[in-house]
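Asker: My questions are about this predicted structure, shown below with the sequence.
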Amino acid sequence: PAVFGMEIEEAPDVQFSQIGGLDTQISEIREIVELPLKRPDLFTSVGIEPPKGVLLHGPPGTGKTILAKAVAQSTEATFMRVVGSEFVQKYIGEGARLVRELFELAKSKSPAIILIDELDAIGARRMDGATSGDREVQRTLMQILAEMDGFDARGEVKLIAATNRLDMLDPALLRPGRFDRVIEIPLPSKEARESILKIHTKGMNLDRDVNLRLIAELSEGSSGADLKALSTEAGMYAIREERTTVYQSDFERAAAKILLKERNHMAEPE
Ligand code: ATP
């Protein structure tokens, strides 16, 4: 079936080694998603049902998407990503049908991992006095719940959902047999920031005096995505001055710029 607005990748090109500072979360997601796909016999012999889905929650840009992609890579699964807000905004009246097609396609391409990004856009707590737009969103949500209840936990389709707003989610999503495993993906600690900076500067031509630990100290509050942007920005300072080597001062200027942008962003009224 033709499913529009969906990103599909066979075994995406992302390794766990490209993810910094999330070692605990990586082992958790491997146990929840990878183990049942690779060793279904373990679950059969012990006589338990593996989880069907896992929910990742945390601030934007902390690595939720790359984590889901890395699991698809390690299980050689088809990776299918849909974005909650797009279901709502672009495909008005089509949400429920799209969900059905999504699960059908996943079954035909199994092993498959479905990532529902921005789950809160479709999975927000139901409120009284819903408008017709809200009712449409609810139909989409009901279809997701029905599909999850209908598919076999021992099958080869697994669901990963991501949200920045765990508090907003409809509790029905978190019931047993649905997204009953929750993993927090927090902003990186100082040590985590250093390992993320190492990952993103690996291919860069760094001066020997570059001290990534110091940059990690300077960049408190930054996400993995911010640190990637910071590394690129440091490289840009070198290019602007027609150098091929990136200096510590480039990183410091880039950090100042990125951090300033973040503070301004935080100061913006909601
Ligand atoms: P959002 O909630 O905004 O969708 P996300 O948590 O899904 O964000 P990603 O899309 O996974 O974030 O991250 C964006 C980019 O930032 C990644 O492609 C990666 O390059 C970088 N990045 C984020 N977190 C990490 C990390 N922990 N280690 C290495 N790189 C990271």
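Answerer: Arrived safely.

Asker: The ligand contacts on the stretch 101-250 of the chain?
Answerer: 117, 162, 164, 196, 199, 224-225, 228 (Cβ under 6 Å from any ligand atom). Just so you know, the C-beta spots here come from the backbone N, C-alpha and C atoms, and that holds for glycine as well.

Asker: switch the cut-off to 5 Å
Answerer: 196, 224-225, 228 (Cβ under 5 Å from any ligand atom).

Asker: Give me the buried entries from the residues you listed.
Answerer: The neighbour-count test (16 or more other Cβ atoms under 10 Å) marks 196, 224-225, 228 as buried among these.

Asker: Quick check: which ranges of the stretch 1-150 of the chain have low pLDDT?
Answerer: 1-5, 90-92, 126-133 (pLDDT under 70).

Asker: Would you state the helices of it in chain order?
Answerer: 23-29, 35-38, 40-46, 64-74, 84-89, 95-108, 120-123, 132-150 (DSSP state H, counting those that start in this stretch).

Asker: was I right about residue 109 contacting residue 76?
Answerer: No. Using Cβ atoms under 8 Å, residue 109 is not in contact with residue 76; the gap is 11.7 Å.

Asker: These two: which is more packed in?
Answerer: Each of residue 109 and residue 76 has its neighbours counted (other Cβ atoms under 10 Å); residue 109 has more, 16 against 11.

Asker: Might you report the residue contacts of the more buried one?
Answerer: By Cβ atoms under 8 Å, 6 or more residues apart in numbering, residue 109 lies in contact with 8, 78, 80.

Asker: and it, how far is that from the ligand?
Answerer: Separation of residue 109 from the ligand (Cβ to the nearest ligand atom, to the nearest Å): 22 Å.

Asker: With residue 235 instead?
Answerer: 15 Å.

Asker: Can I get the helix or strand containing residue 197 in CSV, CA atoms only?
Answerer: Assigning secondary structure by DSSP states H and E places residue 197 in helix 190-201. These are the backbone C-alpha positions of helix 190-201, laid out as CSV (Å, rounded to 0.1, in the frame of the first residue of the first chain):
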residue,chain,number,x,y,z
LYS,A,190,29.4,16.6,31.7
GLU,A,191,31.0,13.2,31.0
ALA,A,192,28.3,12.4,28.4
ARG,A,193,28.8,15.7,26.7
GLU,A,194,32.5,14.9,26.4
SER,A,195,31.8,11.6,24.8
ILE,A,196,29.3,13.2,22.4
LEU,A,197,31.8,15.8,21.4
LYS,A,198,34.4,13.1,20.8
ILE,A,199,31.9,11.3,18.5
HIS,A,200,31.1,14.5,16.5
THR,A,201,34.7,15.7,16.2
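
Asker: Give me the distance from the helix or strand just after that helix to the chain's centre.
Answerer: Counting by DSSP H and E, the next helix or strand C-terminal to helix 190-201 is helix 212-218. In terms of Cα atoms, centre = their mean, to the nearest Å, the gap separating the centre of helix 212-218 from the centre of its chain is 25 Å.

Asker: what does the next helix or strand after helix 212-218 contact?
Answerer: For helix 212-218, the succeeding helix or strand toward the C-terminus, using DSSP H and E, is helix 224-240. Residues from elsewhere that reach helix 224-240 (Cβ under 8 Å, 6+ apart): 20-21, 60-63, 188, 193, 196-197, 200-201, 204, 215, 219, 222, 244-247, 249-251, 253-255, 257-258, 262.

Asker: Do I have it right that residue 191 meets residue 21?
Answerer: Yes. If you go by Cβ under 8 Å, residue 191 and residue 21 touch, sitting 6.9 Å apart.

Asker: Neighbour count: these two, which is higher?
Answerer: Higher neighbour count among residue 191 and residue 21: residue 21, with 24 against 12, using other Cβ under 10 Å.

Asker: residues touching the more buried one, list them.
Answerer: So residue 21 contacts 188-189, 191-193, 195-196, 224 (Cβ under 8 Å, 6+ apart).
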